[in-house]
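Undergrad: Sequence isn't available, so here's the structure alone:
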């Protein structure tokens, strides 16, 4: 198609009239603009190993500075506390199991009824008795006795006296403790939220499945959210959100899984994200966006942590004798992925950073933005 | 003895119970071949009623008691758990009519690959001593989800071979802090007292005394029933496990020494008779009658 003659002539005359220096000035302006106001590039995240230590068979440094913070770890039957600089404050081996918390622990035998509560340096805090097995809240400020037949739970005071006791109309399948609250999942498909006095604040019956059963539960640290995996045929992930009048469903998602065992799940320390075991590896649920994203790792969820002061999520799965580790922001762009052989694995937080344990070793990795 | 109206009423009630009692809605197969009962339903386990039966017999295969679907399992050696499980490695099956059966303390690694459906001929695992177990045994529990109760499995399993009746050993009367052994021809002071009874069934396969809880115990004074404790089923009422149809919790059934609390009696001047009847896990009954006199 030919251009219209008249139009072409007018454009040509304008081009001839524009002085070259105007074009040059515009170019100069653009160059200076980008020099003065450069486009900000994203900060680069660097994973920096800080230290690695072999866990000693036993260690106790009761004379370490009082109040010096330490962080718990558990690697198979070995457990303890480590300081931020890598010095091990306490290391021990579970007699049968250990009730471990941020500040204290109870190392108990299979059939014993006398328990000793010890602080993070191994010093005895108190002793008490119980017919069941002990359990501590994450902070180590509350002591529970879980009945051996999983029919009920008792909260004890520091002298071993009963603060409250509650039996359940079904076998306990899951349990989650945070602050003043306790969430218990039952074999009969009910989920109970119990307050500090042992009274139920919420009884949520999981519905929609052929066989109701609670297979996983998690309570957000700030108490704002409760998550549960329930049912057989089909299986659901339900997230409840606290409202002024109690808790109401925020999201219910059908899952492709068919678990017949407890499903590992939990919230991030800031209560913003939920990690959950899934058929296609671990998943991360964002309650704000109501999206569930599967992180492509093989095998069962083996651990989760939120390093970089919560900027990132670290998830690990185990498949036979191999472990896969993924570190990435919750939005999902992989920062680090690794696969290595390990029989035992621990993922935790240390001073807002990542504490990775495997086969008798601990490694601190700091995530820094540069 | 003269026939009194209350006797007639009791006879009518007994007939009504027999006529209208719900027959067992389901019948179970034994989960193991060698059936040695080492623990019975309703026993005092320190902080809870024993909610099933314990079966010994050494290491042997454990089978489903009915065809069923796996709903939950836990292998102590490999599975994640958010709470300590005294049950050790265990399996729960769901059956028709919302019956659940629970098989505990199975050997680690004996559960086999995860499957969804089981029939009684198939193996669930092997008897072990995982979790809170003094020795290898199967802790077996049956939940009736429709009734919301845990039922005594022995009521639904094929009957056990004949066994000796339970033993009613000691009877005490407790008033305040004082306890007095009640023997025939005893003379008691007028007042009010609680009847405490040491009563048990016996495990038969061992030479030493291994007491088991009886299936039921009743006490009557001068022909008036003062208590009836039946370990038929358990329910949870307001957060507390109680014997179904009653408000009797563990602390109201057992005293701190493990004696059965068989009601309270008003001791009035004159001659009286206490009749205790205990039924064992194979259905045999033992009766003990104690005559005593009360003075002012």
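TA: All right, it came through fine. Small disclaimer: the values here were computed from a predicted structure and weren't measured. Numbers count the residues shown, from 1 in each chain, chains lettered A, B, ... in the order given.
Undergrad: How much space separates the residue of the stretch 51-200 of chain A found nearest chain B from residue B:87?
TA: As assessed by Cβ to the nearest Cβ, chain B sits closest to residue A:148 within the stretch 51-200 of chain A, at 2.6 Å. (Glycine included, C-beta is placed from N, CA and C.) Relative to residue B:87, residue A:148 is positioned 7 Å away (Cβ to Cβ, to the nearest Å).
Undergrad: May I have the phi/psi pair for the residue of the stretch 51-200 of chain A closest to chain B?
TA: Reported as degrees, to the nearest 10, the phi and psi values for residue A:148 are phi -60, psi -30.
Undergrad: Count the neighbours of it for me.
TA: By other Cβ atoms under 10 Å in any protein chain shown, 25 other residues sit near residue A:148.
Undergrad: likewise residue B:148?
TA: Residue B:148, neighbours per other Cβ under 10 Å, totals 16.
Undergrad: now the strands for the stretch 201-350 of chain A?
TA: A:211-219, A:225-232, A:235-243, A:246-255, A:265-267, A:274-276, A:283-286, A:291-294, A:300-305, A:313-319, A:322-328, A:336-341, A:345-350 (DSSP state E, counting those that start in this stretch).
Undergrad: can I get those in JSON lines with distance to residue A:113?
TA: Converted to JSON lines, those look like this (distance: least, Cβ to Cβ, whole Å):
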{"stretch": "strand A:211-219", "distance to residue A:113": "28"}
{"stretch": "strand A:225-232", "distance to residue A:113": "32"}
{"stretch": "strand A:235-243", "distance to residue A:113": "37"}
{"stretch": "strand A:246-255", "distance to residue A:113": "36"}
{"stretch": "strand A:265-267", "distance to residue A:113": "30"}
{"stretch": "strand A:274-276", "distance to residue A:113": "35"}
{"stretch": "strand A:283-286", "distance to residue A:113": "40"}
{"stretch": "strand A:291-294", "distance to residue A:113": "43"}
{"stretch": "strand A:300-305", "distance to residue A:113": "32"}
{"stretch": "strand A:313-319", "distance to residue A:113": "34"}
{"stretch": "strand A:322-328", "distance to residue A:113": "37"}
{"stretch": "strand A:336-341", "distance to residue A:113": "40"}
{"stretch": "strand A:345-350", "distance to residue A:113": "29"}
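Undergrad: Save the ones you listed as TSV, and put in mean pLDDT and distance to chain B too.
TA: Shown next, in TSV, are those (pLDDT from 0 to 100; distance: least, Cβ to the nearest Cβ, whole Å):
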stretch	mean pLDDT	distance to chain B
strand A:211-219	97	5
strand A:225-232	98	6
strand A:235-243	97	12
strand A:246-255	96	16
strand A:265-267	97	9
strand A:274-276	97	12
strand A:283-286	95	15
strand A:291-294	93	18
strand A:300-305	95	7
strand A:313-319	94	10
strand A:322-328	93	15
strand A:336-341	92	17
strand A:345-350	96	12
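Undergrad: circling back to that earlier point, okay, and the common contacts of residue A:148 and residue B:87?
TA: Contact with both residue A:148 and residue B:87 is made by residues B:131-132, according to Cβ atoms under 8 Å, 6 or more residues apart in numbering or on different chains.
Undergrad: Which one, of the strands of the stretch 201-350 of chain A, ends up nearest to residue B:252?
TA: Taking Cβ to Cβ, strand A:211-219 is the member of the strands of the stretch 201-350 of chain A nearest to residue B:252, at 30.2 Å.
Undergrad: In its sheet, which strands sit next to the closest one, and in what direction?
TA: Paired with strand A:211-219 in the same sheet, following DSSP bridges, are strand A:225-232 (antiparallel).
Undergrad: ok and the partner strand relative to strand A:235-243, angle-wise?
TA: Relative orientation of strand A:225-232 versus strand A:235-243 (axes from the mean of the first three to the mean of the last three Cα atoms, to 10 degrees): 150 degrees.
Undergrad: How is the closest residue to chain A within the stretch 51-200 of chain B assigned, secondary-structure-wise?
TA: The minimum distance from the stretch 51-200 of chain B to chain A, using Cβ to the nearest Cβ, falls at residue B:86 (2.6 Å). Following DSSP: H, G, I helix; E, B strand; the rest coil, we place residue B:86 in the coil state.
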